[in-house]
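Visitor: Next one to model:
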Amino acid sequence: MTHSLRSFRIALFTLAPIVAAAEEGQAPRGAAVWLDPDRTEPAGTHYRTITSELVGGEVSYLIYLPPDYENDAVRRYPVVYYLHGFGGNQRAGAVFVTPLDAAIRVGKAPAMIVVLVNGIAASFYCDSPDGKRPVDSVITKELIPHVDQTYRTIAKREARAVEGFSMGGYGAAHLGFKHPDLFGLVSIMSEALTDSVEWGPLQPPQGGRRKMMLSADKAYFEANDLATVIRANADAIRGQTKVRMAIGSEDSLRPNNEALNEFLTQLKIEHDFTVVPGASHNSVQVYRMLGDDLFAWYRKAWSGSAP
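Guide: Predicted coordinates for the structure are as follows:
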């Protein structure tokens with residue numbers, strides 16, 4: 001086992017550039033709320049809510065429907081669940097939806113539905129141990145069924161993807177690898193792997209994501225840790241889930257992402273790994289520099305998914 005695989009050495013100070021390099025359209029960090037009071041709809045999206053039994057109230061999201069959705073009452077579409085970064089909100093997903101809409105219109109991306117998820121600012125898309133912030137469960141047990149019942153989706157794992165940037169990248173890995181029965185595609189962008197964590201054996205976590213999970217105890221943290229989740233579901237992921245990772249060459253989190261790349265390789269989980277030349281921890285920059293490759297991956301994956 002290599003040194004980079006054994007240990008991540010990016011500590012709590014790396015949270016500063018994550019917050020500083022927040023996505024365009026992202027609101028300042030504030031109190032986490034399930035119902036976003038800002039009903040602004042980035043171009044092509046619509047503000048919607050679901051009634052959550054787990055939360056005991058309304059949860060907001062934004063939905064993007066492809067250009068021909070209203071004109072074709074029969075066609076069904078694959079779905080991407082887009083996860084925003086630390087301190088952000090659902091509107092940050094415009095960084096993905098805006099170039100997607102342009103790409104669909106010129107035939108460079110497959111037509112798809114995109115759900116811009118409310119990750120309540122600092123959840124890392126995990127259920128909190130006290131049960132007060134069940135973000136994972138709201139998405140997987142309530143939001144996905146709601147979307148499949150409300151919109152013309154292709155309601156199967158092969159046509160369902162999760163993508164995110166920074167904290168959202170961590171969320172994409174967490175949700176995609178924890179729930180391989182739900183997600184057939186996992187797209188991990190500039191993942192916020194910030195803890196000093198041993199990939200084997202695990203050590204008591206310090207700082208970073210531990211604080212985001214409301215100071216979870218060691219047992220709870222390790223049970224939900226990404227390394228634990230990947231190991232537990234490796235057989236279900238291997239050969240069944242399409243996975244890609246991208247990280248900027250100038251991103252301070254690059255060493256940890258490279259270690260995850262190596263970890264997946266060691267477990268023989270096929271995946272694409274791209275280092276974006278010159279890019280820092282900035283979603284607009286990373287997506288712009290990926291260019292057509294951003295959606296070519298989806299086009300290839302879903303070339304035969306339409307009924």
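Visitor: need the helices for the chain, in chain order.
Guide: Along the chain, counting by DSSP state H, helices occupy 3-6, 15-20, 94-105, 135-137, 144-150, 167-178, 209-212, 218-224, 226-237, 254-266, 283-290, 293-301.
Visitor: Tell me which of those helices lies nearest to residue 53.
Guide: Counting by Cβ to Cβ, residue 53 lies closest to helix 135-137 out of these; the figure is 10.2 Å. All C-beta atoms are positioned from the backbone trio N, CA, C, and that covers glycine.
Visitor: Now do the closest one, average pLDDT.
Guide: In this model, helix 135-137 has an average pLDDT of 96.
Visitor: before we move on, what about stretch 42-59?
Guide: The model assigns stretch 42-59 a mean pLDDT of 96.
Visitor: With stretch 78-95 instead?
Guide: The model assigns stretch 78-95 a mean pLDDT of 95.
Visitor: again with stretch 99-116
Guide: The average pLDDT for stretch 99-116 rounds to 97.
Visitor: Lowest mean pLDDT among the helices and strands of the protein, which one is it?
Guide: helix 15-20 (a mean of 35; mean pLDDT, DSSP states H and E).
Visitor: quick revisit: considering the helices of the chain, which stretch scores lowest in mean pLDDT?
Guide: Of all these, helix 15-20 has the smallest average pLDDT, which comes to a mean of 35.
Visitor: So for residue 55, which of the helices of the chain sits nearest?
Guide: helix 135-137 (9.5 Å).
Visitor: wait, which of the helices of the chain is closest to residue 75?
Guide: helix 94-105 (13.1 Å).
Visitor: Run through the neighbouring helices and strands of that closest one.
Guide: Using 3 or more Cβ pairs under 8 Å, 6 or more residues apart in numbering; DSSP states H and E as the contact test, the elements touching helix 94-105 are strand 57-64, strand 79-83, strand 113-117, helix 283-290, helix 293-301.
Visitor: how far off strand 113-117 does it point, in degrees?
Guide: Going by axes from the mean of the first three to the mean of the last three Cα atoms, to 10 degrees, helix 94-105 is angled at 180 degrees with respect to strand 113-117.
Visitor: how near is residue 173 to residue 48?
Guide: As defined by Cβ to Cβ, to the nearest Å, residue 173 lies at a distance of 26 Å from residue 48.
Visitor: ugh, wrong one, residue 262
Guide: In this view, residue 262 and residue 48 are 40 Å apart by Cβ to Cβ.
Visitor: hmm, back to that, out of the helices and strands packed on helix 94-105, which is the most enclosed?
Guide: Of all the helices and strands packed on helix 94-105, strand 79-83 has the most neighbours on average by mean count of other Cβ atoms under 10 Å, namely a mean of 28.
Visitor: Partner strands of that strand, with direction?
Guide: strand 113-117 (parallel), strand 160-165 (parallel) (DSSP bridges).
Visitor: ok now stretch 93-110, how far from the chain's centre?
Guide: 17 Å (Cα atoms, centre = their mean, to the nearest Å).
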